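Peer 1: Please find the sequence and the predicted model below.
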Amino acid sequence: MRPRAGAEQPELVTEAAPARRPRRGRQVLAFGVGALLLALVVYYAGLGQILARLEELGWRAPFVLVPYLIVNILDTTGWRRTLPGEAAKRVPFRSLYLIRMAGEAVNSLTPTAAIGGEPVKAHLLRAFGVSAPDSVASVVIPACAKACPTQSILFGDLDELQRVADARIAKLHGDGMHDAAIYNPIGTSVGGIHAFFLVRGDARAYNLPPKPEVPTALLKESWGAAAVAAGVIALASFAAFALGAKR
């Protein structure tokens with residue numbers, strides 16, 4: 001059927017496909033660097049020794065990877081839980097698993113130990129629309145959970161966490177640790193922080209300021225001095241103008 005006269009025709013909008021060449025180039029470069037690092041590891045370990053161990057294991061060699069596969073799946077599942085709900089939906093589990101393996105490869109093949117691959121994980125998450133704060137937080141939380149003792153980091157409602165902290169402080173004081181205290185600067189212009197810490201002794205030993213202040217609070221005196229100086233300059237200018245007019 002022909003469209004009626006005067007009817008508006010839908011405008012056909014086409015979007016140019018994004019350039020894939022730079023991304024492909026980065027992928028090839030990353031693959032080349034990874035292959036080179038793997039080759040160096042094999043070279044220093046000794047290819048003959050590696051083949052000898054595999055020959056010794058025989059048909060059982062693939063089963064050596066099963067525990068690592070299970071651990072990686074569980075670790076990826078836990079990492080997925082640290083992402084916000086909407087962000088987690090945008091990242092397929094398979095892709096998240098591969099991102100984790102890429103980060104662990106950087107940790108294993110470079111001298112950066114267990115921290116070099118974490119920024120890589122956060123960066124790769126950006127391709128799925130995960131914001132920088134969310135991606136960085138998602139890799140920091142598991143790293144802290146691995147490095148810190150059980151229940152040394154707690155998450156939840158601040159009021160509930162305050163009650164848990166008070167109970168722990170009471171127990172520590174009962175055990176003779178009278179220098180234990182909760183660092184949460186409520187009596188300053190900060191008005192408390194969203195995360196507080198259990199410390200022993202001087203908070204400055206943990207690089208925590210004893211009495212932190214909001215930067216704008218420190219500007220009050222400066223603004224007052226600037227106002228006084230401006231008033232003095234204005235009076236001096238007026239006096240100079242008046243005396244000059246009398247002459």
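Peer 2: Ah, there it is.

Peer 1: so how far is the helix or strand hosting Leu74 from its chain's centroid?
Peer 2: For Leu74, the host element (DSSP states H and E) is helix 66-81. Centre-to-centre, helix 66-81 and its host chain are 20 Å apart (CA atoms, centre = their mean, to the nearest Å).

Peer 1: So which bits of the helix or strand following it are buried?
Peer 2: Once helix 66-81 ends, the next helix or strand along the chain (criterion: DSSP H and E) is helix 85-90. For helix 85-90, the neighbour count (16 or more other CB atoms under 10 Å) marks Ala87, Ala88 as buried. In short, each C-beta sits where N, CA and C put it, glycine included.

Peer 1: how distant is whatever helix or strand comes next after helix 85-90 from the center of its chain?
Peer 2: Going down the chain from helix 85-90, the next helix or strand is helix 93-109, by DSSP H and E. The chain centre lies 17 Å from the centre of helix 93-109; the measure is CA atoms, centre = their mean.

Peer 1: Rounded mean pLDDT for helix 93-109, please.
Peer 2: Helix 93-109 shows a mean pLDDT of 85.

Peer 1: That one - contacts with which helices or strands?
Peer 2: helix 21-45, helix 66-81, helix 117-125 (3 or more CB pairs under 8 Å, 6 or more residues apart in numbering; DSSP states H and E).

Peer 1: Including distance to Pro185, mean neighbour count and mean pLDDT, could those helices go into JSON lines?
Peer 2: Output for the helices and strands packed on helix 93-109, formatted as JSON lines (distance: least, CB to CB, whole Å; neighbours: other CB atoms under 10 Å; pLDDT from 0 to 100):
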{"stretch": "helix 21-45", "distance to Pro185": "44", "mean neighbour count": "11", "mean pLDDT": "76"}
{"stretch": "helix 66-81", "distance to Pro185": "31", "mean neighbour count": "13", "mean pLDDT": "87"}
{"stretch": "helix 117-125", "distance to Pro185": "29", "mean neighbour count": "20", "mean pLDDT": "85"}
